[in-house]
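1. sharing a model prediction with you, sequence too.
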Amino acid sequence: MSGRKQHFIPQSLLRGFSRKGKGSKQQVVAYTYDRGIFTAATDGVGAERNFYSELDVEGKTQTLDDKITDFETPLADVLVGLRALPHRASAETLQAATFVTHLTVRNDHFRKSVSTGGAALFHRFQSSMSDEQTAKALMGLGGNSPSDFFRNAMKKPIADYAAMFAAMGLSEDQIIEWAFAYAKANFSEFHRALVVPMQASFDSFSEPKILEIAADAQRRALETGLSPQAWIDRLSEMDWHVLHSDVSLILPDCVSIAVGNSGTPSPLMLAERDEVEAILLPIASDRLLVGSREDRAIPLFDLNAAFAACSWDFFVGFDRTNEFEALRDSIRTGVQKQMDDLVSEALNESVHKQTTKNSGV
């Protein structure tokens, strides 16, 4: 039975970046975003109390953490095999794809980065809705005729009062046209009344609340599959091999990174899977598991800088070095930019879509 301290990065992987400390425990150096730098045993890093599930003290049912523990046991043997491969040796495709998929979907990085991005999106949307003209466009009231957004929004109230409207001899189109004209004419007053309750509504979607939602969603997803077949199928299209590194590698908290058509590294979990050209996962401080398209060269860049920028909360290293200390400043930078770009794109696309529909283009 598993315990309350549950690892979202398996200790078997962490040990590849460790050295023997006091006693018999293996230790890594954790470089964190906001908690400094510290040395800790592998059982104290990449873990959180009840991260996957509450402890079943009676041991009568198998918890999600129990299932993950059982699933990762054979993967630990796969990891041993991968580390033993010579430089540039090919890895078994299905094993590598399953290994990378499981480690990617189970960790904490996605929860926290998406929660922050979601909170930022709510904040930006709230700011946009505070502007009367932007709010009018988003609500489909910026044109000369009702937009699809406005028509869809009217469906329920029309259905609720269908009998009354029928008795008045009003068709659905007539009701929508009247409601549209009324909403446009009185939008300023409506907007002033809307801002205060809207503020309270958005305030309820705080980052901790979104983190809770993301955690529940991840747990439900893991209950349906600890290594989703769609991911495995896509990653199995790649050629997998192991590279040995002369440079001491760090392990990011996202575990694996992807490189797409743009050549910019990003956490695999946040990458557009259809555009991924290469995947890199450090399996030890001197070993790297790489998946790449058959006709694509492996991208060349500063690996540790990419791993640090794709980390959200921390990365671990074999030792404390000046190079790794300098990389601490890069933690979260790549992910934060990616999330900011996604938020801006989502909001701009929404405004553009409504403005285009309103103008009849």
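-> Noted; the coordinates are in hand. Numbers count the residues shown, from 1 in each chain.
2. list the contacts for the spatially closest residue to residue 264 that is not a sequence neighbour?
-> Nearest residue to residue 264 in three dimensions, chain neighbours excluded: residue 334, at 7.8 Å (CB to CB, 6 or more residues apart in numbering). For every residue, glycine as well, the C-beta is placed using N, CA and C. Residues in contact with residue 334 (CB atoms under 8 Å, 6 or more residues apart in numbering) are 264, 265, 266, 306, 309, 310.
3. which one of those residues is nearest to residue 79?
-> residue 310 (20.6 Å; CB to CB).
4. look up how far residue 250 lies from that closest one.
-> Distance check for residue 310 against residue 250: by CB to CB, to the nearest Å, it reads 11 Å.
5. what about the two, which has more around it?
-> For the pair residue 310 and residue 250, the greater number of neighbours falls to residue 310 (32 against 26), based on other CB atoms under 10 Å.
6. residues contacting the more buried one?
-> Residues in contact with residue 310, defined by CB under 8 Å, 6+ apart, are 252, 254, 257, 265, 266, 267, 334, 335.
7. the last one is in contact with residue 268, isn't it?
-> It refers to residue 335. No - contact criterion CB atoms under 8 Å: residue 335 and residue 268 do not qualify, at 11.9 Å.
8. run a quick neighbour tally on residue 246.
-> With other CB under 10 Å as criterion, residue 246 counts 5.
9. find me the pLDDT at it, would you?
-> pLDDT, residue 246: 92.
10. now do residue 202
-> 58.
11. also residue 23?
-> pLDDT recorded at residue 23 is 74.
12. doesn't it fall inside a strand?
-> No - applying DSSP: H, G, I helix; E, B strand; the rest coil, one finds residue 23 to be coil, outside a strand.
13. and it, how far is that from residue 11?
-> Counting by CB to CB - residue 23 and residue 11 are separated by 16 Å.
14. more neighbours: the two, which one.
-> A direct count of neighbours by other CB under 10 Å for residue 23 and residue 11 places residue 11 higher, at 19 against 7.
15. go ahead and confirm that one touches residue 43.
-> Yes - using CB under 8 Å, residue 11 is in contact with residue 43, at 6.3 Å.
16. need the residues touching each of residue 335 and residue 268.
-> Counting by CB under 8 Å, 6+ apart, the residues touching both residue 335 and residue 268 are residue 254.
17. higher neighbour count, these two?
-> Per other CB under 10 Å, whichever of residue 335 and residue 268 has more neighbours is residue 268, with 28 against 24.
18. now do the contacts for the more buried one.
-> 100, 104, 254, 255, 256, 257, 258, 276, 279 are the contacts of residue 268 under CB under 8 Å, 6+ apart.
19. output the residues you listed in TSV, with pLDDT and distance to residue 330 appended to each entry.
-> Shown next, in TSV, are these (pLDDT from 0 to 100; distance: CB to CB, whole Å):
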residue	pLDDT	distance to residue 330
100	97	23
104	93	21
254	95	13
255	96	17
256	96	17
257	96	13
258	94	18
276	90	22
279	95	20
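20. between which two of those is the distance greatest?
-> Taking CB to CB as the measure, the contacts of residue 268 span a maximum distance of 15.0 Å, between 255 and 276.
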